[in-house]
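Novice: Provided below are the primary sequence and the corresponding predicted coordinates.
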Amino acid sequence: MTISARSIAHSANSTSNRAVRWISAAAFVAAFAIPGAAAAGTVRPGAYDGTWNVIFATQAGNCSSTNSVPFAVAGTRVSSAGGGKVTGGVNRAGVVSVSIQVGASHASGSGRLVGNTGSGRWSGIITGDRCSGSWQATRT
């Protein structure tokens with residue numbers, strides 16, 4: 001067998017081509033895999049982020065006919081924006097579930113947010129009376 005400069009160059013070129021193909025494939029995978037992994041670890045703003053003015057209408061029970069409470073939404077969390085203790089969550093589809101406590105009064109509600117509006121049902125004990133009704137929300 002004769003080894004010539006040409007066969008060494010061909011062999012080196014072949015190895016170099018495999019290395020270039022491997023690096024190119026690795027770069028391709030990294031370009032598409034890493035951004036997805038990075039996005040999974042970061043918090044992106046939610047579609048419902050902001051302050052919502054929620055008006056509660058009483059339809060059963062001896063409670064005030066309407067009450068207004070501001071809620072704050074950040075990602076999937078719902079919290080108070082200035083009215084009592086508010087806890088809850090909202091999913092990507094806008095389905096929301098919330099609990100409110102102001103002094104001895106407490107209520108819970110669920111419903112749906114769509115765009116800049118929302119609606120649903122609530123029930124609770126307000127100033128000692130069991131009440132229920134509907135709610136309407138508008139993003140401010």
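Specialist: Cool, the structure landed.
Novice: Hmm, residue 62 is touching residue 125, no?
Specialist: No: at 11.2 Å, residue 62 does not count as touching residue 125 under the criterion of CB atoms under 8 Å. Heads up, the C-betas are built off the backbone N, CA and C, glycines and all.
Novice: who touches both of these two?
Specialist: Residues touching both residue 62 and residue 125 by CB atoms under 8 Å, 6 or more residues apart in numbering: residue 131.
Novice: domain ranges for this protein?
Specialist: Split into domains by automatic domain parsing, the chain comes to 1-42, 50-139.
Novice: ranking these by mean pLDDT, which is last?
Specialist: Mean pLDDT per stretch puts domain 1-42 lowest among the domains of the chain, at a mean of 39.
Novice: which residues are in contact with stretch 70-85?
Specialist: With CB under 8 Å, 6+ apart, stretch 70-85 has contacts from 43-46, 48-54, 69, 86-91, 96, 98, 100-103, 113, 137, 140.
Novice: let's go with 7 Å and repeat that
Specialist: Residues from elsewhere that reach stretch 70-85 (CB atoms under 7 Å, 6 or more residues apart in numbering): 43, 46, 48-54, 69, 86-91, 96, 98, 100-102.
Novice: Drop anything exposed from those.
Specialist: For the contacts of stretch 70-85, a burial check counting by 16 or more other CB atoms under 10 Å picks out 46, 48, 52, 54, 69, 86, 88, 90, 96, 98, 100, 102.
Novice: which of those residues lies closest to residue 131?
Specialist: Nearest to residue 131 out of the buried ones among the contacts of stretch 70-85 is residue 100 (CB to CB; 12.4 Å).
Novice: Specify the beta-bridge partners of residue 78.
Specialist: residue 73, residue 88 (DSSP bridges).
Novice: If anything else comes up later, I'll come back, but that's it for now.
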